[in-house]
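*Asks:* model the following, please.
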Amino acid sequence: MGKAVSECQEPIEPTECVEELARFFPGAIKVQIPVRVCKGRSGKATSSEQTMIEFGTADEVLFVSSLPLDFEDIVRVRSADSSLDIVAKVIAMHLYHDKMAIAAKFLEDVPNWIIKSGGQGTPEGHSGAEDRSMKTKSAAV
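*Replies:* Residues are numbered from 1 along each chain as shown. Prediction:
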């Protein structure tokens, strides 16, 4: 898996920076899910922040973070009501000033995730049938 970080060239909003990263994830769907992201598996508040999942696939979430994250770091992503509580690994990053757009791949099955492969459970207007394989994503970022 190649390690690459791309910088936004023009001053843009962090949301737009996540959109730029989402281009490399076929089938990424725009969502707005407020979550707390914690560095590490435990979810302890010593290194955490509130953010928003802005895009997702059946296997990944994309969000902006100011945490000191790097490739292959483990993060815990949890919604306020804990209906989403996942452990994921950072697989791609896109730099924007002091914030970083992060793509993290689920490390475990997420049965209640709203985006399913094969078009099941995807938001209206999206087929979800696009290939979501990780084989070509990291090299393109």
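*Asks:* hmm, residue 55 and residue 30 touching each other?
*Replies:* Yes - using Cβ atoms under 8 Å, residue 30 is in contact with residue 55, at 5.8 Å. No exception for glycine: its C-beta is placed from N, CA and C like everyone else's.
*Asks:* who has more neighbours, these two?
*Replies:* Counted by other Cβ atoms under 10 Å, residue 30 and residue 55 do not tie: residue 55 has more neighbours, with 24 against 15.
*Asks:* surely that one meets residue 31?
*Replies:* Yes - contact criterion Cβ under 8 Å: residue 55 and residue 31 qualify, at 6.6 Å.
*Asks:* about what we covered before: give me the common contacts of residue 30 and residue 55.
*Replies:* Common contacts of residue 30 and residue 55 (Cβ atoms under 8 Å, 6 or more residues apart in numbering): residue 22.
*Asks:* the strands in this protein, which residues?
*Replies:* Under the criterion DSSP state E, the chain contains strands at 5-7, 29-39, 48-56, 60-65, 74-79, 85-96, 99-106.
*Asks:* need these in CSV (columns: mean pLDDT and distance to residue 23).
*Replies:* Shown next, in CSV, are the strands of the chain (pLDDT from 0 to 100; distance: least, Cβ to Cβ, whole Å):
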stretch, mean pLDDT, distance to residue 23
strand 5-7, 48, 10
strand 29-39, 95, 12
strand 48-56, 95, 10
strand 60-65, 96, 11
strand 74-79, 95, 21
strand 85-96, 93, 10
strand 99-106, 93, 11
